[in-house]
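In: This is a predicted model, with the sequence first.
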Amino acid sequence: MSNNPFFKNNGPFKLSKLINTSSEDILISDIKDLKDATDKDITFFHSVKYKELAKSTKAIACITKESLTKYLPSKCIKISNENVILLAAKITEKFYPDSITDNNNYDLKPIEEDFKNVTAGKNTLVGSNVKIGSNTMIGHNTVIEKNVNIGKNCFIGSNVILRNTFLENNVHVLDGAIVGKKGFGFIPNKSNNYRYPHIGYVLIKKNSEIGSCSTIDRGSLSITVIGENTYLDNQVHIAHNVKIGNNCIIAGQVGIAGSAILGDSVMIGGQAGISGHLKIGNNVQIGGGSGVIKNIPDNTKVMGYPATEIRNFLKEKSKWQMQ
Amino acid sequence: MSNNPFFKNNGPFKLSKLINTSSEDILISDIKDLKDATDKDITFFHSVKYKELAKSTKAIACITKESLTKYLPSKCIKISNENVILLAAKITEKFYPDSITDNNNYDLKPIEEDFKNVTAGKNTLVGSNVKIGSNTMIGHNTVIEKNVNIGKNCFIGSNVILRNTFLENNVHVLDGAIVGKKGFGFIPNKSNNYRYPHIGYVLIKKNSEIGSCSTIDRGSLSITVIGENTYLDNQVHIAHNVKIGNNCIIAGQVGIAGSAILGDSVMIGGQAGISGHLKIGNNVQIGGGSGVIKNIPDNTKVMGYPATEIRNFLKEKSKWQMQ
Amino acid sequence: MSNNPFFKNNGPFKLSKLINTSSEDILISDIKDLKDATDKDITFFHSVKYKELAKSTKAIACITKESLTKYLPSKCIKISNENVILLAAKITEKFYPDSITDNNNYDLKPIEEDFKNVTAGKNTLVGSNVKIGSNTMIGHNTVIEKNVNIGKNCFIGSNVILRNTFLENNVHVLDGAIVGKKGFGFIPNKSNNYRYPHIGYVLIKKNSEIGSCSTIDRGSLSITVIGENTYLDNQVHIAHNVKIGNNCIIAGQVGIAGSAILGDSVMIGGQAGISGHLKIGNNVQIGGGSGVIKNIPDNTKVMGYPATEIRNFLKEKSKWQMQ
C-alpha cells in the first residue's frame, strides 16, 4: 500500500523500541506481510500454511512462533512470541496509531466553500484535503472525511459517510451507504478485546454502484476493492480486505466476509453469504440465499447452504436485473 | 400511472424521433406496458410468455423481436429489435430523463418555514411542492424531496429519506428508513451497465409501519405498494415494483425481490427471502430464514430453503408479535 | 426496572380507573410481570405455561383468562378477560403514555453548548438531561435523545441515533447505528394493529462495540442488554428484550429475535438468525447462515437450518476475528 494517504506512518523506529526484548538498533520502516516486506520492514508469520512465503521473505525481522523460525531466511531476525498476531497488531499500532478506531474528523467544513463544478446539498461536510472531480453531485447530510478522493461524474446520495476511500470516475454511492470504516477485526481477550489496526482503505473503481445502507469496511493490512462496473444493491455488507472483480452484480442483503476474493462477472442473488478468505472464480453465479463455504472455480453455478454446484439453476440472466 | 407527480413526461414525440429507423410522423404520448398502453402509446414485448397480452394490446407501436411480431394486432406498428429491453429503456429515458438516478434535490429548505400543524425536528429539509397532513410528527436530519405527499397523523423518525413517495394517513416510518430511491434495475453491459429508468413511485397505505434502516425502492414502470395496516420490522428490503397487501407482518431483515406480489395477511419470519416475480397468496405464513422460489397459494404455511409447505409450523400466531 | 429514567409512571391509579368493570378503589402503582409485581402492582397471566409464576405472584390484581384464575393466590383480585395481552397493553399505556412510539424529542440542542471534556462533531444534537462521560468522542449528525446516559471514553460515530439507552464506559457505537427505538411488538388487528408499549431501555455494558447500521430495540416490559466486551459487526439486528452475555462475538447481518437470551462467550457467524424466546448457553458457537429454532446448551457448536450440533465445525477460533 504505497501511496496510502489515509494513515501516516510514524516510523521508522529502532527495533529495540518496537520489541522490548530486542536490543537491536537497526531502523524498521514499516510492518508488512511476508510477501510485501522489504529489507527495511518487519513482518509476521503465524501459521505453517504460509511457510513458502516465509522462506522467501525479504523482511529484516519477523515475529513468529519458536516452532516456525526454521522456515525463515537465516539473515532475518527472528522474534519469537506465542501470540504472533497480538504482537503484530501492537507494532502496527505503533506505526499507525490512528488506525485502531474511526477517529471522527473534527475539522470538517460545509462543502459549499471550496469545490468548483461540484453540486452539493445541505449540511454536507468535508474534511481537509478532500478531492472531488468535476460534475460530481452530492446529497444532503453527507460526511466526507479527510483525504477522501472522489472522481468526476460521481453521484453521492444523502446521509452517506465516506472515510479512507477512493472513488474513481462515474461511481454512484446511494443514500445511507457507509464506506471505509474500520473492519470487524480484533483479538479476543476476556475482559477487553484488542482491536486490530486497519491501515487499509477502500477503492471503488469506475462505473460502479453501491446501494443504500450498504457497508464497505476498509482493509486491515490490504485494500478493500470493488471492481469496475460492479453493482451492489441495498443493505450489502462487504468486510475488510475483500476484493471484488469487474462487472459483478450483487443483489440485496448479500454479505461477504473478510478477505474473500471474487473474480470478474460474478453474480450473487439476494441474501447469499460468502465466508472469509474464499476465492470465487470468474463468471460464477451464486443463487439467492446460498451460503458459500468453500472456493468456487470459474464458470460455476452454485446454490444452497452449503452452496453446491447446480445445473441450469439460473435459466435467465435477465431475471437478475429486470425483475 | 396516471397522476404520477414525480416524473414529468417530456413527450409527446414523433415516432421518427424515438426510433431512428422509423419515418413515421405519428405522435407518441408515452411508453407503457402491453396492458396499459392506449392507442397513443408505444409499448414493448420481449418474451413469448406475454403473447396473450400482446394480442390485445391497444398500443399504436410496439418494440419487439422479429419472431414475436406475429402475435401483435395488425394495426400496431412493429419495431423489430434484438434487444427489446434496451431499446424500451432508451425510449423511456427520452420521455422521463430524470428517472435514471435519484437526482438529489438542491432546492430543499428547512421545514420550519412552511408547514402548519406539523411538528418537525432540527435540520429536517423539504423540497418543493411537498404536502404534509396535520398532526404529523417528523424527527431530525430527515430529507423529504420534492412532491412527496405525507398524510395526517403520520410519524416520521430521524435520518429518514423520502423521495417519490406517497404516505397515506397514520403511517409510521422509523429512523433511518430510505423510501423511494431507484431500484436495482439495469441492463448489464461489459464496461458500463445501462441503468433502467424508474418512473414509478412508492405508495404506503394507511396505518402501516416501516422499520428502521429498511429500504423500499420505487417501481420501474409500475408502483411499489405497501398495503394498509402492514408492518415491516427493521432492516427489511423491498425491491422495485413489489406489491404487498393489507395486514401483513414482515419481520426483521426480510428481503423481497423485484415485482413480487403478496396478498393480504401474509406473515413472514425474520431473514426470509422471496424471489422476484412470485405471487404469494392471502394468509400465507413463511417461516423465518426461508427462501421462497416459487408461487405460494392462499392459506399455506411454508418453511425452508427452498421453502416448502409444512404443517403446524407456526403454532402460535402470537409468538410473532409478542416475543 | 426500578431506576428507569426514560418512561415516567403516571400512576398510581385506582383499579376502577384502569378497569371499567371494576369498582375497587385500591391504588395500583404500576404494571409488572408475574415475578416482579409487588403487592401494589397489577400483573397479567395469559398462558398456562406460566402457572408456577402465577401461584406465587405478589400482585394485588391480575388480568387473566377465566380458565386460569384457579392458579392465582386467593388474595389476588382476578380480572377476567379473553384478550389478556390487549388489556395489559392498554393498562401499560395508561401508566406510560409515551412508550407507544418513539416520540421525537423537540427540545434538542447542539451539543457544543454544554459538555466538558467531550469532543463532538457538527450538527450533533442532544436532548435534556443527557449525561456524557469525559473523553467521549462523538461524530457528526448524531442524535442523542433525552435522558440518555453515556459513559467515559466512549466512541460514537456519525449519523447515530441513541434513545432510551445507557452506555457504560468504553463503549463504541459505529456510524449509522440506531439504538433504543421501540421494538416490533403489537397486537394484530384487522384494520389497525395495536402497538404494544415499550417501557424498557437498552443497556450496553462496558468495552462493547455496536457495528454500523445495526439496530438494537428497547425492551417492552424488560431491558435489552448487550454484555461486557461483546462485539457486534455491521447490520446486526437485536430485537426487544434480548439479553446477550459478556465476551460474545456476533458477525455481520445476524438477527436475534425478541426475548432471546444468550450466555457468555457466544460466537455467531454472519447472517445467522436466532428465533425469539430461545436460551443459548455459554460458549456456544453458531455457524454463519444458521437458523437456530431451539434452545442450545452450553459449550455446543451448531450449524445449519434448522441449526443442529456439529463436531469440529469451527476449527479455528481465530478465523472469526482475523479474516
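Out: Great, that's in hand.

In: dump the residue contacts of the residue of the stretch 1-150 of chain A found nearest chain B.
Out: Going by CB to the nearest CB, chain B is nearest to A:G139 of the stretch 1-150 of chain A, at 4.2 Å. Backbone N, C-alpha and C define where each C-beta goes, glycine included. Each residue near A:G139 by CB atoms under 8 Å, 6 or more residues apart in numbering or on different chains is listed here: A:120-121, A:124, A:156-160, A:175, B:104, B:143.

In: Lowest pLDDT pick from those residues?
Out: Among these, B:N104 carries the lowest pLDDT, at 87.

In: any idea how far that residue lies from B:K146?
Out: Distance of B:N104 to B:K146, computed by CB to CB, to the nearest Å: 11 Å.

In: Name the residue in these two with the higher neighbour count.
Out: Per other CB atoms under 10 Å in any protein chain shown, whichever of B:N104 and B:K146 has more neighbours is B:N104, with 25 against 17.

In: Next up, identify which helix or strand that one is on.
Out: In the assignment (DSSP states H and E), B:N104 maps to no helix and no strand.

In: Leaving out sequence neighbours, find the closest residue to it.
Out: A:G139 (4.2 Å; CB to CB, 6 or more residues apart in numbering or on different chains).

In: From C:V118, how far out is that neighbour?
Out: In terms of CB to CB, A:G139 sits 29 Å off from C:V118.

In: Go ahead and produce CSV holding the CA coordinates of stretch A:126-138.
Out: The C-alpha coordinates for stretch A:126-138 follow below in CSV (Å, rounded to 0.1, in the frame of the first residue of the first chain):
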residue,chain,number,x,y,z
VAL,A,126,-15.9,17.7,4.0
GLY,A,127,-12.6,17.2,5.8
SER,A,128,-9.2,18.5,4.9
ASN,A,129,-7.5,17.6,1.7
VAL,A,130,-10.6,16.0,0.1
LYS,A,131,-10.6,16.0,-3.7
ILE,A,132,-13.8,15.9,-5.8
GLY,A,133,-13.9,15.7,-9.6
SER,A,134,-16.0,17.9,-11.8
ASN,A,135,-19.6,17.3,-12.4
THR,A,136,-19.9,15.2,-9.2
MET,A,137,-23.2,15.6,-7.4
ILE,A,138,-23.6,15.0,-3.6
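
In: Name the residues that touch that stretch?
Out: A:5, A:105, A:107-109, A:111, A:114-121, A:124, A:144-156, A:160, A:169, B:103-104.

In: Report the two of the contacts of A:G139 separated the most.
Out: A:A120 and A:D175 (14.3 Å; CB to CB).

In: so after the longest helix along chain A, what's the next helix or strand?
Out: Counting residues, the longest helix found in chain A (DSSP state H) is helix A:84-95. Following helix A:84-95 in sequence order, the next helix or strand is strand A:109-110 (DSSP H and E).

In: which strands and helices sit next to that following strand?
Out: Judged by 3 or more CB pairs under 8 Å, 6 or more residues apart in numbering or on different chains; DSSP states H and E, strand A:109-110 is in contact with strand A:125-126.

In: Can you name the element that comes right after the strand it packs on?
Out: strand A:131-132.

In: The residue in the stretch 1-150 of chain A that chain C sits nearest to and B:I256, how far apart?
Out: Nearest residue of the stretch 1-150 of chain A to chain C, counting by CB to the nearest CB: A:N104, 4.2 Å away. The spacing between A:N104 and B:I256, counted by CB to CB, is 36 Å.

In: if I look at the residue of the stretch 1-150 of chain A closest to chain B, how far off is C:V160?
Out: Counting by CB to CB, the gap from A:G139 to C:V160 is 19 Å.

In: Turn the contacts of A:G139 into TSV, columns for secondary structure.
Out: Shown next, in TSV, are those (DSSP: H, G, I helix; E, B strand; the rest coil):
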residue	secondary structure
A:A120	strand
A:G121	coil
A:T124	coil
A:I156	strand
A:G157	coil
A:S158	coil
A:N159	coil
A:V160	coil
A:D175	coil
B:N104	coil
B:V143	strand
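
In: ok, which residues in the stretch 1-150 of chain A are in contact with chain C?
Out: A:85, A:101-106, A:108, A:123, A:125, A:141, A:143 (CB under 8 Å from any CB of the partner chain).
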